[in-house]
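Colleague: Let me see the structure of the following:
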Amino acid sequence: PGKAMIVGGTREICANLYAAIVALRPDWHSDDLDKGKIKVDYSGTASDVPPVSDHVRRDSANAVIKERLKNVDDELEIVIVKDMMLTGYDSPPLHTLYLDRPLKGALLMQTLARVNRTFRGKEDGLLVAYAPLAENLAKALEEYSPTDQEKKPVGKNIDEAVGLTVTLVETLRGLLAGYDWKSVWKQGGPKGFLKAVTGAVNYLRNPATPGNQPSSEGEETVASKYRRFSGQLSRAWALCSGA
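Modeller: Numbers count the residues shown, from 1 in each chain. As a prediction, the model looks like this:
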């Protein structure tokens, strides 16, 4: 489970996006403030009309949503905002930011920082940008010190992502070296792929598989390593596959 934030260009866009998502996933919606997998969070006025007014709440109610997004055990996974929670708000479990609104300078950097907080099992944050971003990000990064620019606190070179993807693929192959999944796939007929996947899962979870009985406390099993590296691969692939 994870947490994501979507930044929309206007409150109407935010409201319409919510409606579009829950039309596809009706079970994500709830009228109750403390329930549901998705919420919209923005301020409003007495003159607002639907669909914007459908999500206008008092500050105390918006505070409940903010606290839910911080709680890794809460079912709330997606919050759609326009201005709220972009600065001065921390949710360590938050790992993905969908940006559909042009931002510049300090506001851009502070918004991106929403997903860079450390948390258990979280090694990085993912930015999915639909609005023009590259030029604004480059200008914002110019405000960093030379040391910060060299370390690239925000943004990674595509070539680095490609190199990391190749490395992770080879690492995962090594963890599955004891199971000939390719042969199972090729000889399995129409369901060859499913047989290969099932066999690979059984191999990784089998206590008898070498590496699944750590010799020291805290040492990772083969299964745990595979989950960790495959998670890294999915993020690296997301970065380089769209280049």
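Colleague: alpha carbons only for contacts and neighbour counts from here, please
Modeller: Will do.
Colleague: List the contacts of Ala223.
Modeller: 204-205, 212 (Cα atoms under 8 Å, 6 or more residues apart in numbering).
Colleague: swap that for Ile6, please
Modeller: 78-81, 97-100.
Colleague: is it true that it lies in a strand?
Modeller: Yes: secondary structure of Ile6 (DSSP: H, G, I helix; E, B strand; the rest coil): part of a strand.
Colleague: With Leu112 as the reference, measure out to it.
Modeller: Going from Ile6 to Leu112 by Cα to Cα, to the nearest Å gives 12 Å.
Colleague: residues shared between the contacts of the two?
Modeller: In contact with both Ile6 and Leu112: Leu97, using Cα under 8 Å, 6+ apart.
Colleague: TSV for the contacts of Ile6, including distance to Leu69?
Modeller: As requested, the contacts of Ile6 are exported to TSV (distance: Cα to Cα, whole Å):
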residue	distance to Leu69
Ile78	8
Val79	8
Ile80	11
Val81	12
Leu97	13
Tyr98	15
Leu99	18
Asp100	20
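Colleague: out of these, which are inside strands?
Modeller: 78-81, 97-99 (DSSP state E).
Colleague: In TSV, list those residues along with pLDDT and neighbour count.
Modeller: Compiled in TSV, those are given as follows (pLDDT from 0 to 100; neighbours: other Cα atoms under 10 Å):
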residue	pLDDT	neighbour count
Ile78	96	22
Val79	96	23
Ile80	97	24
Val81	94	23
Leu97	90	23
Tyr98	91	18
Leu99	89	22
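Colleague: now, among those residues, which is nearest to Thr118?
Modeller: Checking the ones in strands among the contacts of Ile6 against Thr118 by Cα to Cα gives Leu97 as the nearest, at 15.1 Å.
Colleague: All set now, cheers.
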